[in-house]
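Novice: this one's sequence-less:
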């Protein structure tokens with residue numbers, strides 16, 4: 001892709017998200033989401049491959065549907081209440097429709113069906129953008145809309161997302177689909193705690209972005225797209241393979257890694273709010289996610305192809321050096337758990 005065109009598209013991505021962040025009017029927020037969607041479409045389809053084109057088409061149709069629904073809901077609220085302000089979204093019908101549209105935007109269950117298929121058709125770099133940056137704009141709107149949404153709807157969508165994210169990833173062999181179901185599960189945890197502690201939702205979102213970035217960059221450095229390739233990655237870069245396994249365990253929420261922190265704090269808050277059954281179901285769903293992450297680690301650590309040589313040939317070595325983003329995100333995904341008391345104290349200020 002032409003560097004000038006690439007720069008324009010990346011600038012448009014940032015502009016769309018910033019516009020959504022800073023807007024207080026539904027029309028401006030909707031325009032920001034549309035700019036964001038239109039900017040990423042050429043990035044998704046830049047590889048002229050049928051799968052990439054199919055993923056781009058699915059993404060465009062889904063996002064266009066969600067954006068049209070948001071516009072419809074905000075217009076309905078303005079018609080019934082007379083307010084276009086985002087914080088004044090007060091009519092029950094408008095708030096429910098808006099929440100469902102934003103759930104479709106980010107891929108929350110039960111509106112998650114497009115996400116694994118779209119992510120599977122993309123390369124790892126565009127998949128990283130889709131899994132991280134593209135969730136920021138809709139999430140900013142969710143944070144503002146959530147206080148007026150029916151709490152039962154949020155709990156239902158959060159629980160369903162954690163369960164779907166756990167069950168859906170069990171029989172997958174493609175890494176991008178596994179990360180898509182991981183995204184659905186993590187978003188479920190965030191939505192579940194949103195009405196009780198929005199600061200915990202922001203913490204979970206931040207750590208999710210760090211861990212997912214580390215996972216995508218690790219796969220990109222080893223050019224791994226499925227389990228079979230990961231099983232051979234130790235021959236090319238043993239240290240990178242070990243760090244990738246630890247990052248996956250952190251995504252699963254296993255102590256002593258960073259991923260345990262948001263799950264621990266969320267379960268603690270749910271218990272304080274008098275929802276022990278919800279906390280128990282959510283914790284059980286985390287075990288499902290942890291199972292398929294352990295399966296990936298098992299494939300990397302304990303399996304070897306019959307054709308694998310004991311000494312790796314030079315042509316099999318990867319000459320791509322670890323980058324600064326990969327180093328920083330990997331450190332963040334593995335080493336932030338000791339800071340939990342300080343972070344928890346900061347959240348209560």
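Specialist: Okay, I see it. Every value quoted in this text rests on a predicted model; they were computed, and no experiment measured them.
Novice: phi, psi of residue 85?
Specialist: Listed backbone geometry of residue 85 is phi -70, psi 140, with angles given as degrees, to the nearest 10.
Novice: ok, it - contacts?
Specialist: Residues counted as contacts of residue 85 (C-beta atoms under 8 Å, 6 or more residues apart in numbering) are 24-26. Every C-beta, even on glycine, is put in place using the N, C-alpha and C of the backbone.
Novice: okay, and the beta partners of it?
Specialist: Bridge pairing for residue 85 (DSSP bridges) gives the partners residue 25.
Novice: among the contacts of residue 85, name the buried ones.
Specialist: Among those, those buried by neighbour count (16 or more other C-beta atoms under 10 Å) are residue 26.
Novice: and the contacts of residue 85, which is closest to residue 297?
Specialist: Of all the contacts of residue 85, residue 26 has the smallest distance to residue 297: 44.8 Å, by C-beta to C-beta.
Novice: residue 263 against residue 189, yeah?
Specialist: Yes: applying C-beta atoms under 8 Å, one finds residue 263 in contact with residue 189, separated by 6.7 Å.
Novice: okay, the two: which has more neighbours?
Specialist: residue 189 (28 against 21; other C-beta atoms under 10 Å).
Novice: which is the next helix or strand following the helix or strand hosting the more buried one?
Specialist: Using DSSP states H and E, the secondary-structure element containing residue 189 is helix 175-193. Scanning forward in sequence from helix 175-193, with DSSP H and E defining helices and strands, the next element found is helix 198-221.
Novice: helices or strands up against that following helix?
Specialist: Taking 3 or more C-beta pairs under 8 Å, 6 or more residues apart in numbering; DSSP states H and E as the contact definition, the neighbouring helices and strands of helix 198-221 are helix 124-131, helix 136-145, helix 175-193, helix 238-252, helix 260-272, helix 324-335, helix 340-347.
Novice: centre of the chain to that helix, how far?
Specialist: What separates the centre of helix 198-221 from the centre of its chain is 7 Å, taken as C-alpha atoms, centre = their mean, to the nearest Å.
Novice: what's the first helix or strand after it?
Specialist: Scanning forward in sequence from helix 198-221, with DSSP H and E defining helices and strands, the next element found is helix 227-231.
Novice: mind giving me the packing neighbours of the next helix or strand after that following helix?
Specialist: Moving toward the C-terminus from helix 227-231, the first helix or strand encountered (DSSP H and E) is helix 233-236. Using 3+ C-beta pairs under 8 Å, 6+ apart as the contact criterion, the secondary-structure elements in contact with helix 233-236 are helix 238-252, helix 276-302.
Novice: return the most buried member of the ones you listed.
Specialist: For the helices and strands packed on helix 233-236, average neighbour numbers computed from mean count of other C-beta atoms under 10 Å are highest in helix 238-252, which has a mean of 22.
Novice: what angle do that one and helix 260-272 make?
Specialist: Calculated by axes from the mean of the first three to the mean of the last three C-alpha atoms, to 10 degrees, helix 238-252 forms an angle of 10 degrees with helix 260-272.
Novice: what's next to helix 238-252, contact-wise?
Specialist: Counting contacts by C-beta under 8 Å, 6+ apart, the residues outside helix 238-252 that touch it are 182, 211-212, 214-215, 218-219, 221-222, 230, 233-234, 257-260, 286, 289-290, 293-294, 296-297, 300-301, 322, 330, 333-334.
Novice: buried ones in the lowest-mean-pLDDT helix or strand in the chain, by neighbour count?
Specialist: Least confident helix or strand, the chain: helix 233-236 with a mean of 76, by mean pLDDT, DSSP states H and E. By neighbour count, with 16+ other C-beta under 10 Å as the criterion, the buried positions of helix 233-236 are 233-236.
Novice: my read: residue 283 touches residue 266, true?
Specialist: No: contact criterion C-beta under 8 Å: residue 283 and residue 266 do not qualify, at 9.6 Å.
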